[in-house]
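[1] can't give you the sequence, but here's the structure:
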């Protein structure tokens, strides 16, 4: 039986209230799942039949866990018949029951994302459109967006704003693709995930008797994470509940961070305007975090104008104040975090009690490389290790083939990527000839006439063009450094054009990863030059280093036992850890540069930082770097504007040196090259580091600040002129030997 005495006073009030619609604002760590499960148990104990209760969640995991908790309160027999699940699973069941009403067979197929994109790709091809201009993934995402806003093809045709936007993007055939997509799905007796919502809305909208049937059946409706609902989900809820108005929605507007998926914060902000008799309950006690963490999060989020006022509090201990590390570079940032983690681990904190949260996936690279070298076990939550991402593996495959043309796996991966008209039939014939003559695939395409391949003249021309391109790169590999050659491979192969032509969320993530990879390549060359190892700055040397990193990665994956967790903040929603590091809290990273021109987007970025901070139970550490090695050069960023939202003294700040930030800003801005993004269009000059002028006074014993390694002391200087080398003991990076003519530093 549900024991309400286990709940706080406001939790009890929310559970027993049944006099109308209710909105439960559940602050971070306030026990919202506890309230939902006890409320459902309470409804059953008050005599409501389980099949009359509809509980909607956003993940199957959440539905399963809630059902298990309810079973513990009321018994499995009663909980078994609850209508509980995700929006898509519940509504797909309704659609199967009512399929004939909307002209579908009951056994309709549900298309996943890959199915949808494949169909879009087929339609684009059949319409004779250019796939570069109409990228299937981007088009499929656009179709998904308009569906979730209840814009059907007939509505799209009348929407001048959408039509104009399509024309601006030179995609004026999107409506034709959309129409064809809908027709093809219907002919195939198939629905995609968005259709499960759109057709449910259409079913209720066009067939009043069906709507009333389900409105009567579901006597009480509950919704978890209401701040994440989109327009069509909210519209269906209104169809089901507008008559009886027995509805409980639970959520937190301060944690609405999924607008890119279609979530509309307006649904929760305007709930009382739609349901005029609604009563609002505020769960404001945080049971997760220390007072220091809760107070800091409150100070941040209060700067958002569009929100439901609340004052979250904690009765736990005060705890450590939030730490903020100002570091010189992203490399120093990774070293600082690594040392803090190692220190906490030595004091007894398990690795799996610590998490690193970042704004974008591409930020993981510097941390991964640092942790691998130091043997700190980690795992990427909800994503791939940096060097395992497809776009990175594609580039590396090109590099491998340039260095070793006989590499069969690399050959197979890139022979037709980006698409160059060399299909599977051609590849099969090349492979058959190689197998028959016991030679490599490269050997076959190098002597097509000798191996007598039956290929059309057009195909021969394409294969020859590919071979010549790789051979030219291979010749350059003997004399050019990895970055000079690597950036040309990425551009001339067509990878850059393919990656940078997309505008959807996934494309932007891939672009960030490619930019980060090119920065790693440039950083590798710059470091070799500084350490007087120019001969080891080749593409082959870079591949060897990457291979060792990926081998270590595989070894770490095989290790059992506790592991540090790394993930994006979006992936961390709903999770909690004793110690959390929020990294890259600086302009052009957090907030995202795509958000700064929109107050609505900027407020979501602030909510995202709020979510990050409130994942921490005991300790929260923020970091920001003044310089990030990106796009082949050092880029300067100021600390995030969000850091100004905290009152003076709330953050315990640690800087890379005793100099004021203002002095550091003047020095860096005066010496930093102009930012230039790596893109497929203009050629970017090589990132050869500009030498710092050799100071006239002896360097030995001086303290210096290096662009990547941070603060250090010069222990010794040997050699003269262009051969002068300095041995420097850095505070974070350890001891390094630097060739002074390439070293980038300032004397303190």
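    Cool, got the structure. None of the values given here were measured: they were computed from a predicted structure.
[2] please, where are all the helices along the stretch 351-500 of the chain?
    Along the stretch 351-500 of the chain, counting by DSSP state H, counting those that start in this stretch, helices occupy 364-374, 390-403, 408-414, 424-437, 441-446, 448-451, 457-476, 482-492, 495-500.
[3] how many residues are close by the closest residue to residue 520 other than its chain neighbours?
    Ranked by CB to CB, 6 or more residues apart in numbering and with sequence neighbours excluded, the top spatial neighbour of residue 520 is residue 365, at 6.2 Å. Heads up, the C-betas are built off the backbone N, CA and C, glycines and all. If you count neighbours by other CB atoms under 10 Å, residue 365 ends up with 21.
[4] tell me the contacts of residue 365?
    When contacts are counted by CB atoms under 8 Å, 6 or more residues apart in numbering, residue 365 touches 386, 516, 517, 520.
[5] secondary structure element for the last one, which one?
    Assigned by DSSP states H and E, residue 520 falls within helix 505-530.
[6] model confidence for the residue of the chain most remote from its centre, exactly?
    Distance from the C-alpha centroid of the chain, by CA atoms, centre = their mean, peaks at residue 450 (49.2 Å). pLDDT, residue 450: 89.
[7] on that earlier part again, top of the contacts of residue 365 by neighbour count?
    Neighbour max across the contacts of residue 365 (other CB under 10 Å) = residue 516, 26 neighbours.
[8] can you tell me the closest non-neighbouring residue to that one?
    Nearest in space to residue 516, with sequence neighbours left out and distances taken as CB to CB, 6+ apart, is residue 362 at 3.9 Å.
[9] near that neighbour, how many other residues are there?
    What residue 362 shows, counting by other CB under 10 Å, is a neighbour count of 24.
[10] measure residue 293 to residue 578 for me?
    As for residue 293, its distance to residue 578 is 11 Å (criterion: CB to CB, to the nearest Å).
[11] what do these two both touch?
    Contacts common to residue 293 and residue 578, judged by CB under 8 Å, 6+ apart, are 616, 617, 618.
[12] list phi and psi for the closest residue in space to the last one that isn't next to it in sequence.
    Leaving aside its chain neighbours, residue 618 sits nearest to residue 578 (4.8 Å; criterion: CB to CB, 6+ apart). The main-chain torsion angles of residue 578 are listed as degrees, to the nearest 10 and equal phi -60, psi -40.
[13] my guess is residue 22 contacts residue 247, does it?
    Yes: here residue 22 reaches residue 247: they are 7.3 Å apart, a contact under CB atoms under 8 Å.
[14] circling back: looking at residue 293 and residue 578, which is more packed in?
    residue 293 (29 against 15).
[15] mind listing what's buried in whichever strand or helix holds the more buried one?
    Element membership of residue 293, judged by DSSP H and E, is helix 291-301. Buried positions in helix 291-301, judged by neighbour count with 16 or more other CB atoms under 10 Å: 292, 293, 294, 295, 296, 297, 298, 299, 300, 301.
[16] again with stretch 451-463
    Those would be 451, 453, 455, 459, 462, 463, for stretch 451-463 by 16+ other CB under 10 Å.
[17] which intervals of the protein have sub-threshold pLDDT?
    Scanning the chain for pLDDT under 70 picks out 1-2, 532-535, 548-559, 629-633, 656-697.
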